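# fold the following.
(one chain, ligands or ions: 2)
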Amino acid sequence: MSYQVPRGTQDILPQEISKWHRLEELIRQFCYVYDYEEIRTPIFEHTNVFKRGNDSSDMVNKEMYTFRLENSSTSLTLRPEGTAGAVRAFVEHKLYGQPDLPLKMYYCGPQFRHERPQKGRMRIFNQFGVEVLGAKDPLLDVEAIALGWSFVSALGLSDLKVLINTLGDDESRDAYRAALREHFKNDISSMCTDCQRRYEQNPLRILDCKIDHDLPIMQSAPKMSDYLNEASKTYFSAVLEGLDALGIPYEIDDRLVRGLDYYTHTVFEVVSVNKEMGAQSTVFAGGRYDGLVEYFGGPKGMSGIGWAMGLERLLLACEAEGIQLEEQQGLDAYILCLAPQAKIAALQMVTELRSNGYRCDMDYLGRSFKAQFKSIERKHAKYAIFLGDKELETKQITIKEIATQQQHTVPLDDVVAVMDRLFGEIEADEDGCACGHHHE
Ligand code: ATP
Ligand code: MG
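Ligands and ions are numbered 1, 2, ... in the order given. Below is the predicted model:
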């Protein structure tokens, strides 16, 4: 009998967690300075939060983990995306009544989609996303994109580009849908079954098809830009003007329609052009949406803009560009326990050091001096502290700096004070605090 993680899922092991922490810290930092606040919604919701009416997206129609517990009539779904839950909460808690709209939120956590696993495509994956609700201003579209763009730039990614398009307002989109129906009318029966469904539900989504993508009838399809009314054109120009003003480079992609039905006006994708990324190259993507707040029972006309970033894909993009996020944080001290009788004193010492903010550890296995010293190397400890019979008797201990081999023999009770002094010196040498402790 063997046990393995389910297909399309993964363990993130202790030795690789540091890059996730790094990402999560940076996410908080960026959202903090942009004044976006975190929202945490349930991992599962009532199915109708995600499955709304006649939605044509693959995500809703084919990829959801939906379940019903025995003896229950309630259908629940593991969240496949973050927007629906955030908007549901916005309405449920009447956050639209707040004085300072728009409400700017972000989230970070796992999403669940039942799709064919590939590199960069998992069944459980993590998204960082933002939602700005309750105001419609093209410069908010710009701000949201700028947050994501500056975040990925801060990581050092450079093989990225912004693809942007507009789907216009309802009137423009209706006109465009009619044109698409007309265009595909004679060929739709020979296209894939998904496209046939999309033809009925939302012909815009045909342009997003990964199967029929290269058919000539696709290439000759009418363009959204020819169906935009003046108001939609004006809105889009204002978004582009804002991106120009912030120096964010973009490419207009008039085939970009995005996967969800509720988008209006701006849609965009930030893709990696690095060859190693293969087909799964979109790092983050989103757009403006109208009607979702109203759908969940909130007031009419409350618009939103949001995007979501796949963190596994972000990590692949970093890897492809040779960007290292792992950091090797060593121990401040390792206590070498040189006699069984010294264990209690060692435990007291690590506890005291820890409560003063020092990251330290000790040997619990009664290993040889040599074996314990190997741990010091592997754990990149800055100091070794020796504790054996002699030390217990004389109440004097030796602290050895590993890098310089310099030794200090000090009273056992002074260990914290001595460490403070040693780290204070390191700090002074390095010209500023780098060790992560708070010192009085
Ligand atoms: P795709 O066209 O690649 O299926 P999507 O349109 O389904 O993407 P969104 O729903 O917009 O993707 O999700 C936003 C981001 O989340 C994607 O750009 C990607 O980075 C990430 N993402 C989506 N699905 C997965 C998945 N199954 N595994 C890993 N990351 C994913
Ligand atoms: Mg998808």
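# up against ligand 1, what does the stretch 301-440 of the chain have?
308, 310, 312, 313 (CB under 6 Å from any ligand atom). Yep, even glycine has a C-beta here, placed from its N, CA and C like the rest.
# next, format those residues as TSV and append secondary structure, neighbour count and pLDDT.
Listed next are those as TSV, based on DSSP: H, G, I helix; E, B strand; the rest coil; neighbours: other CB atoms under 10 Å; pLDDT from 0 to 100:
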residue	secondary structure	neighbour count	pLDDT
308	strand	19	98
310	strand	23	98
312	helix	18	97
313	helix	23	97
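# now for those: which two are most distant?
By the measure CB to CB, these have their two most distant members at 308 and 312, which lie 12.4 Å apart.
# look up how far residue 187 lies from residue 256.
Distance from residue 256 to residue 187, counting by CB to CB, to the nearest Å: 22 Å.
# repeat for residue 394
Going from residue 394 to residue 187 by CB to CB gives 91 Å.
# neighbour-wise, which of those two wins?
Here residue 394 and residue 187 are compared on neighbour count by other CB atoms under 10 Å; more neighbours surround residue 187, at 15 against 11.
# tell me if I'm right that the more buried one and residue 216 touch.
No - under the criterion of CB atoms under 8 Å, residue 187 lies out of contact with residue 216, with a separation of 9.2 Å.
# can I take it that residue 307 is in a helix?
No - assessed with DSSP: H, G, I helix; E, B strand; the rest coil, residue 307 is strand; it does not lie in a helix.
# out of everything not next to it in sequence, what's closest to it?
Counting by CB to CB, 6 or more residues apart in numbering, residue 286 is the residue found nearest to residue 307 once chain neighbours are left out, at 2.7 Å.
# hang on, the one you found in a strand?
Yes - using three-state DSSP, the secondary structure at residue 286 is a strand.
# how about it, what does it touch?
129, 144, 258, 267, 268, 305, 306, 307, 308 (CB atoms under 8 Å, 6 or more residues apart in numbering).
# cutoff 10 Å now
83, 129-131, 141, 144-145, 148, 258, 260, 263, 266-270, 304-309 (CB atoms under 10 Å, 6 or more residues apart in numbering).
# tell me the residue of this protein that sits nearest ligand 1?
Using CB to the nearest ligand atom, the closest approach of the chain to ligand 1 is made by residue 310 at 2.5 Å.
# which of the contacts of residue 286 fall within strands?
Residues from the contacts of residue 286 lying in strands, with DSSP state E as the criterion: 129-131, 263, 266-270, 304-309.
# so what's residue 75 bridging to?
Residues found in beta-bridge contact with residue 75 (criterion: DSSP bridges) are residue 68.
# can you get me a residue count around it?
What residue 75 shows, counting by other CB under 10 Å, is a neighbour count of 13.
# my read is that it contacts residue 66, right?
Yes - checked against CB atoms under 10 Å, the pair residue 75 and residue 66 is within contact range at 6.1 Å.
# what's the overlap in contacts for those two?
Both residue 75 and residue 66 are contacted by 47, 51, under the criterion CB under 10 Å, 6+ apart.
# gap between the host helix or strand of residue 21 and the chain center?
Element membership for residue 21 (DSSP states H and E) is helix 17-33. For helix 17-33, the distance between its averaged C-alpha position and the chain's averaged C-alpha position is 9 Å (CA atoms, centre = their mean, to the nearest Å).
# could you say what helices and strands that helix packs with?
Packing partners of helix 17-33 (3 or more CB pairs under 10 Å, 6 or more residues apart in numbering; DSSP states H and E): strand 37-38, strand 103-112, strand 124-133, helix 138-154, helix 311-320.
# quick one: buried residues of it?
Judged by neighbour count (16 or more other CB atoms under 10 Å), helix 17-33 contains these buried residues: 19, 23, 27, 30, 31.
# who's in contact with that helix?
The contact list for helix 17-33, computed with CB under 10 Å, 6+ apart, reads 12, 36-38, 104-108, 126, 128, 130, 147-148, 150-151, 154-155, 309, 311, 314-315, 318-319, 323-329.
# from residue 137, how far off is the residue lying closest to residue 164 once chain neighbours are set aside?
In space, residue 164 comes closest to residue 268 once its chain neighbours are excluded; the distance is 4.3 Å by CB to CB, 6+ apart. In this structure, residue 268 and residue 137 are 16 Å apart, going by CB to CB.
# higher neighbour count, the two?
More neighbours surround residue 268 than the other of residue 268 and residue 137, with 26 against 16 (other CB under 10 Å).
# contacting residues for the more buried one?
Listed by CB under 10 Å, 6+ apart, the contact partners of residue 268 are 141, 144-145, 148, 162-166, 239, 243, 250, 253, 256, 258, 284-288, 307.
# try residue 65
The contact partners of residue 65, taken as CB under 10 Å, 6+ apart, are 44, 76, 77, 78, 79, 80, 112, 113, 114, 123, 124.
# and for residue 155, the neighbour number?
Counted with other CB under 10 Å, the neighbours of residue 155 add up to 18.
# list the residues that contact it.
Shown here is residue 155, whose contacts under the criterion CB under 10 Å, 6+ apart are 22, 23, 26, 314, 315, 317, 318, 321, 323, 325.
# cool, and residue 57?
Here residue 57 is in contact with 50, 63, 80-81, 198, 201-202, 205, 208, 258-262 (criterion: CB under 10 Å, 6+ apart).
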